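1. Predicted model, plus sequence, below.
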Amino acid sequence: MTYMQDRILVQEHLAREKEAPTLDEARANELRERIQEELKAQNAALVAHYYTDPDIQSLAEETGGCVADSLEMARFGSEHPASTLVVAGVRFMGETAKILNPEKRILMPTLEATCSLDIGCPADEFAAFCDQHPDRTVVVYANTSAAVKARSDWVVTSSCAEDIVDYLDSRGEKVLWAPDKHLGEYIRRSTQADMLLWDGSCIVHEEFKGQGLADLKATMPQAAVLAHPESPMAVVEQADVVGSTTKLIDAVRTMPNEDFIVATDRGIFYKMHEVAPDKNLIEAPTAGESATCRSCAHCPWMAMNGLENLLAVLQNGDQEIHVDAETREKALIPVQRMLDFTAQRNIKVAGNA
């Protein structure tokens, strides 16, 4: 095991010890009411990722906030008139909100909620890697620090990465990709682009097992398999639909199957049940001798977001995201490049509809 892998496992263990506590219904309702009052009083909007606790997702929807993937979270925060954004997710999401909205106060229930992809791509080591390959266009996944984004030419999310890399390849550009090697390999295969991959992975998706999935499929041939492309290729190759969280949710809504085996964080089940309440959702297998966590289908850092620390940050304002001006200005260029590209893509799609 490398030093970086050991560091990620240690921080994962610490995160699991700090997961938000389970609350009884009366306490949860009390917290929800008080949070709603604070959001209104502070002209604040709650922006939550699909992988957070269902209580937080439903509260974001009820208060006029947003539940989305990281791309839509970024868009929503930029377009909403609130002076304060409360980002329930992991740290890179809060940093992205600050990059796009320097004039707004960006709060998070906890600043300790990070991401294994972020941890596994330190800014100094990544900058040195880029310097070794100056002929390549640097494309980084959104799951990275502001400092890593500042070193990049493009920032992408799983919903737009394939289109952007395909565009760069059409221009004859060679790509340096970071940090998720599984997503990078999936895109390399689909686009045939010349891509040099950083060696990183998500601790949740890494645990999905190809053989376990094959065994489960054999017992449920009627089930459709949905996989996020951060999963290992042995899992992705068995999937009926591969894509971003938004794409997987849409698949549950539109596909005729009654049963779905889902290879991504189980936090997504809340939204899937909302759009398709009669569908049966099963976690893709993570068990096996190589499993490194107790409950592999849920991110321990996402689980650190809870109603109690959400209320606390609104009352105290002490978990605020800051990005220094120089880093923000550099990081804004590739982030805005992604937003402009996807906006133009959406216009073309609408025009062809």
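-> Cool, got the structure. Residues are numbered from 1 along each chain as shown.
2. alpha carbons only for contacts and neighbour counts from here, please
-> OK.
3. center of the protein - which residue?
-> residue 70 (5.4 Å; Cα atoms, centre = their mean).
4. list the contacts for that one?
-> 49, 93, 142, 157 (Cα atoms under 8 Å, 6 or more residues apart in numbering).
5. Select from those residues every entry located in helices.
-> residue 93 (DSSP state H).
6. ok, so of the contacts of residue 70, who is nearest residue 4?
-> Proximity of those to residue 4 (Cα to Cα) peaks at residue 142, which lies at 19.6 Å.
7. domains of this structure?
-> If you go by automatic domain parsing, the domain ranges for the chain are 3-114+301-322, 117-202+327-352, 205-283.
8. Tabulate the ones you listed (CSV), appending mean pLDDT.
-> As requested, those are exported to CSV (pLDDT from 0 to 100):
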stretch, mean pLDDT
domain 3-114+301-322, 93
domain 117-202+327-352, 94
domain 205-283, 96
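9. What segments of the stretch 201-350 of the chain are helices?
-> Secondary structure of the stretch 201-350 of the chain by DSSP state H, counting those that start in this stretch: the helices cover 210-219, 233-236, 245-254, 269-275, 307-316, 325-352.
10. To residue 104, which of those helices lies closest?
-> helix 325-352 (13.4 Å).
11. who does the closest one touch, helix- and strand-wise?
-> Packed against helix 325-352 by the contact rule (3 or more Cα pairs under 8 Å, 6 or more residues apart in numbering; DSSP states H and E) you find helix 91-100, helix 146-150, strand 154-156.
12. Residue 187 contacts residue 164, correct?
-> No - checked against Cα atoms under 8 Å, the pair residue 187 and residue 164 is beyond contact range at 10.0 Å.
13. re the thing from before, quick check: the residue nearest to the centre of the chain vs residue 91, distance?
-> 12 Å (Cα to Cα, to the nearest Å).
14. can you give me the helices in the stretch 1-150 of the chain?
-> 3-17, 25-41, 54-62, 70-79, 91-100, 116-119, 123-131, 146-150.
15. Residues in contact with the longest one: which ones?
-> Translated: helix 25-41. Against helix 25-41 from outside (Cα under 8 Å, 6+ apart): 44, 45, 46, 59, 63, 307, 308, 310, 311, 314, 315.
16. ok, and the most crowded of the residues you listed?
-> residue 46 (28 neighbours; other Cα atoms under 10 Å).
17. correct me, but it touches residue 89?
-> No - contact between residue 46 and residue 89 fails when scored by Cα under 8 Å: they sit 10.6 Å apart.
18. how far away is residue 165 from residue 198?
-> Separation of residue 165 from residue 198 (Cα to Cα) stands at 15 Å.
19. Between those two, point out the one with more neighbours.
-> residue 165 (28 against 18).
20. Summarise which helices and strands the helix or strand harbouring that one is packed against.
-> For residue 165, the host element (DSSP states H and E) is helix 161-170. With contacts defined as 3+ Cα pairs under 8 Å, 6+ apart, the packing partners of helix 161-170 are helix 181-191.
21. After the helix it packs on, which helix or strand is next?
-> Following helix 181-191 toward the C-terminus (DSSP H and E): strand 195-197.
22. roughly how far out does that next one sit from the chain middle?
-> 21 Å (Cα atoms, centre = their mean, to the nearest Å).
23. Contacts made by it with the rest, please.
-> Outside strand 195-197, the residues touching it (Cα under 8 Å, 6+ apart) are 174, 175, 176, 177, 178, 179, 180, 181, 184, 185, 188.
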